[in-house]
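Visitor: Sequence and predicted model, in that order:
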Amino acid sequence: GESWRLTIRPPEGIARYFATKGSAAVNGVSLTVAEALPNGDFELAIIPHTWEVTTLNQLQPGSSVNLEIDMLARSVARMIGADAPDFKLPGVDGKDHELKDYAKSDVLVVLFTCSHCPRSQGYEGRIIKYVDDYKEKSVATVAISPNDPAALRLDEMGMSDLDDTFESMKLRAKDKKFNFPYLYDGDDQATAKAYGATVTPEVFIFDKDRKLQYRGRWDDSPEGGRVRKQDVRDATDAILGGEEITLDWTRPFGCSVKWSTKRESAVEARKRYADRPVYLESITMKVMPAILANRSGIIRVIHIWSSE
């Protein structure tokens, strides 16, 4: 894709990362250090997402950029070697949880997930199994829901029985018998912003010193069928064994974080649904054969409703 150059002054510690690694990937965007400037700035060569090119074309040299790729204020700060941001969040267990509560564990896994996302739901069993397998190995796992429930549209819940409210989180944890803390960050989303979470599920793994060692997907199989890369398990084993992680960043796949800025969009969508006419017609057995034959050439879903 077309490469752009942006000049930034990274947070403390990230300069060393750039100087050592020379390149990185943030939210799937390729970043390469083009030049390290004497004043501490870095000039980055960036290949943006295709949908961002139009916006970049409208910029003038020297102007500021406010795009998904410019989450450098928070997402780059969560690169490998960065410190774990502090947090204090309510859990479904009725207690407040803080980063310091897990200080005794040699490995800390911070998982951003939610109740409505089908991708997150698909990983629940694997997460529970992981916690069971590593509970005696000084590994702590904390799940955080980053979503603002008011920013969730109805069409985004098409494959879910629950929304992302705190009460729904309690139901999910009870129903699935979660064996790990499940925390709510939906009010101000400060923790999700501090960590640079982008999707659910997304994983951040920290070592004993709470330095980030891995971020990205749980594994390489969102459907849970054939898993070829056990990314979280591989990273955990490497940290516990004092070995270098061969793959410290992977691109996560899932549902986008529902930031509070999407509230207006959710309200507008609900209004469109409310204004849309709904037709209810009686059906007889005479027309059923034609419906069941389905000569439309596409999949037909039939929902039968009765008042009795």
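Guide: Okay, I see it. Numbering: from 1, shown residues only.
Visitor: Only C-alpha atoms from now on, for both contacts and neighbour counts.
Guide: Noted.
Visitor: where along the chain do the helices fall?
Guide: 14-21, 53-57, 118-134, 166-176, 190-195, 231-240, 263-275, 288-293 (DSSP state H).
Visitor: Go through those and find the least confident stretch.
Guide: When these are compared on mean pLDDT, helix 53-57 scores lowest, with a mean of 50.
Visitor: Let's have the helices of the chain in CSV, adding distance to residue 253 and mean neighbour count.
Guide: Converted to CSV, the helices of the chain look like this (distance: least, Cα to Cα, whole Å; neighbours: other Cα atoms under 10 Å):
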stretch, distance to residue 253, mean neighbour count
helix 14-21, 24, 15
helix 53-57, 22, 12
helix 118-134, 8, 17
helix 166-176, 21, 16
helix 190-195, 16, 19
helix 231-240, 13, 19
helix 263-275, 22, 13
helix 288-293, 37, 10
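Visitor: Show me the one of those helices that comes nearest residue 184.
Guide: Among these, the nearest to residue 184 by Cα to Cα is helix 166-176 (6.5 Å).
Visitor: out of the helices of the chain, nearest to residue 102?
Guide: Of the helices of the chain, nearest to residue 102 by Cα to Cα is helix 118-134, at 14.3 Å.
Visitor: so that closest one versus helix 231-240, what angle?
Guide: With axes from the mean of the first three to the mean of the last three Cα atoms, to 10 degrees applied, the angle from helix 118-134 to helix 231-240 works out at 30 degrees.
Visitor: Mind giving me the packing neighbours of helix 118-134?
Guide: When contacts are defined as 3 or more Cα pairs under 8 Å, 6 or more residues apart in numbering; DSSP states H and E, helix 118-134 sits against strand 139-145.
Visitor: circling back to that earlier point, make JSON lines out of the helices of the chain and add distance to residue 300.
Guide: Compiled in JSON lines, the helices of the chain are given as follows (distance: least, Cα to Cα, whole Å):
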{"stretch": "helix 14-21", "distance to residue 300": "52"}
{"stretch": "helix 53-57", "distance to residue 300": "38"}
{"stretch": "helix 118-134", "distance to residue 300": "22"}
{"stretch": "helix 166-176", "distance to residue 300": "30"}
{"stretch": "helix 190-195", "distance to residue 300": "39"}
{"stretch": "helix 231-240", "distance to residue 300": "38"}
{"stretch": "helix 263-275", "distance to residue 300": "22"}
{"stretch": "helix 288-293", "distance to residue 300": "9"}
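Visitor: Alright, that wraps it up for me.
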